[in-house]
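Student: no letters, just coordinates:
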């Protein structure tokens with residue numbers, strides 16, 4: 001059976017070399033969710049020891065359909081690195097990714113530390129400096145059909161985040177009602193509201209805080225939290241542009257060079 005250290009080394013090399021590799025389940029290593037998070041923690045520690053800087057956290061599988069599809073009982077969580085953040089309008093080389101896909105999200109910037117247990121949405125909102133329009137570019141780095149725990153172990157395909165520039169305070173703002181117009185190459189691909197994210201992106205933030213607390217971790221002031229996909233996933237190719245325009249948060253766009 002392949003050892004934890006060998007799997008973590010594979011995950012790190014796949015990120016560095018921008019290449020696909022076999023998921024643990026295809027290498028005869030079935031993972032429990034606890035196994036997956038232990039491997040993810042080891043990967044984070046390995047990358048930070050090599051000079052990476054932790055910049056925040058992300059939620060994944062925030063819908064019941066995604067949880068059923070990937071065989072997990074709840075949303076999942078992974079770390080984000082500072083070198084993977086870009087400003088709106090950035091041109092990202094398609095060669096940076098193995099199998100890129102874009103998710104429109106609401107990013108929340110932390111004003112203060114926050115960790116569970118017992119974090120409610122109301123308490124979580126008080127710890128937020130403001131919201132930003134965001135695009136997450138996830139990168140499908142596995143070959144074949146990975147299981148949900150495979151995906152958690154390697155960091156939920158985290159690869160790049162593009163942020164809009166203006167921070168909007170959320171006091172008095174119902175993020176569930178935040179409307180989205182989602183475009184690819186100037187054509188409307190979808191319209192949604194942020195209620196698609198667990199009823200409200202702040203609910204996702206509270207879930208992340210409680211989840212991290214259970215792992216002996218927590219959110220820190222200045223962290224950026226990606227709360228989950230508001231709409232469908234878009235699959236760009238070189239030359240494509242993607243833009244997300246929100247009702248009050250503004251817009252964010254990216255081009256794939």
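Tutor: Yep, that arrived. These figures come from a predicted structure and were not determined experimentally. Residues are numbered from 1 along each chain as shown.

Student: what about the residue nearest to residue 28 when sequence neighbours are not counted, distance to residue 142?
Tutor: Excluding the flanking residues, the one nearest residue 28 by CB to CB, 6 or more residues apart in numbering is residue 1, at 6.1 Å. (C-beta placed from N, C-alpha, C; glycine too.) To residue 142, residue 1 is 19 Å away according to CB to CB, to the nearest Å.

Student: neighbour count winner among the two?
Tutor: For residue 1 versus residue 142, neighbours defined as other CB atoms under 10 Å are more numerous around residue 142 (22 against 8).

Student: how far away is the more buried one from residue 246?
Tutor: The value you get for residue 142 to residue 246, if CB to CB is used, is 31 Å.

Student: what about the residue lying closest to residue 81 once chain neighbours are set aside, which SS state?
Tutor: Spatially, and ignoring its direct neighbours in sequence, residue 81 is nearest to residue 52 (4.8 Å; CB to CB, 6+ apart). In three-state terms, and counting by DSSP: H, G, I helix; E, B strand; the rest coil, residue 52 is coil.

Student: do you know the pLDDT at residue 52?
Tutor: As predicted, residue 52 sits at a pLDDT of 98.

Student: and what of the one 4 residues further on?
Tutor: The model reports residue 56 with a pLDDT of 98.

Student: am I right that it sits in a helix?
Tutor: No. Looking at residue 56 with three-state DSSP, it is strand, so not inside a helix.

Student: that one touches residue 77, doesn't it?
Tutor: No. In this structure residue 56 lies outside contact range of residue 77 using CB atoms under 8 Å: 10.9 Å.

Student: number of nearby residues for residue 235?
Tutor: 11.

Student: leaving out chain neighbours, which residue sits closest to it?
Tutor: Leaving aside its chain neighbours, residue 235 sits nearest to residue 101 (5.3 Å; criterion: CB to CB, 6+ apart).

Student: quickly find the element holding the one you found.
Tutor: strand 100-110 (DSSP states H and E).

Student: still on that earlier bit, my read is that the residue nearest to residue 235 contacts residue 233, right?
Tutor: Yes. Contact criterion CB under 8 Å: residue 101 and residue 233 qualify, at 4.7 Å.

Student: more neighbours: which of these two?
Tutor: In this view residue 101 and residue 233 are compared by other CB under 10 Å, and residue 101 has more residues nearby, 18 against 11.

Student: for the more buried one, what are its contacts?
Tutor: Going by CB atoms under 8 Å, 6 or more residues apart in numbering, residue 101 touches 137-140, 233-236.

Student: which elements pack onto the longest helix seen in the chain?
Tutor: Across the chain, the longest stretch assigned as helix under DSSP state H is helix 33-49. Under the contact criterion of 3 or more CB pairs under 8 Å, 6 or more residues apart in numbering; DSSP states H and E, helix 33-49 touches helix 4-17, strand 76-81, helix 148-153.

Student: show me what counts as buried in the longest one.
Tutor: This means helix 4-17. 7-8, 10-12, 14-15 (16 or more other CB atoms under 10 Å).

Student: for this protein, what are the low-confidence residue spans?
Tutor: For the chain, not a single residue meets the criterion pLDDT under 70.

Student: after the strand holding residue 101, which helix or strand is next?
Tutor: Next in line after strand 100-110, if elements are assigned by DSSP H and E, sits helix 121-126.

Student: relative to strand 76-81, how tilted is the helix or strand just after that next one?
Tutor: Downstream of helix 121-126, the next assigned helix or strand under DSSP H and E is strand 128-139. On the basis of axes from the mean of the first three to the mean of the last three CA atoms, to 10 degrees, strand 128-139 is oriented at 90 degrees to strand 76-81.

Student: and strand 128-139, what does it pack against?
Tutor: strand 100-110, strand 160-163, helix 201-214, strand 224-229, strand 241-246, strand 250-256.
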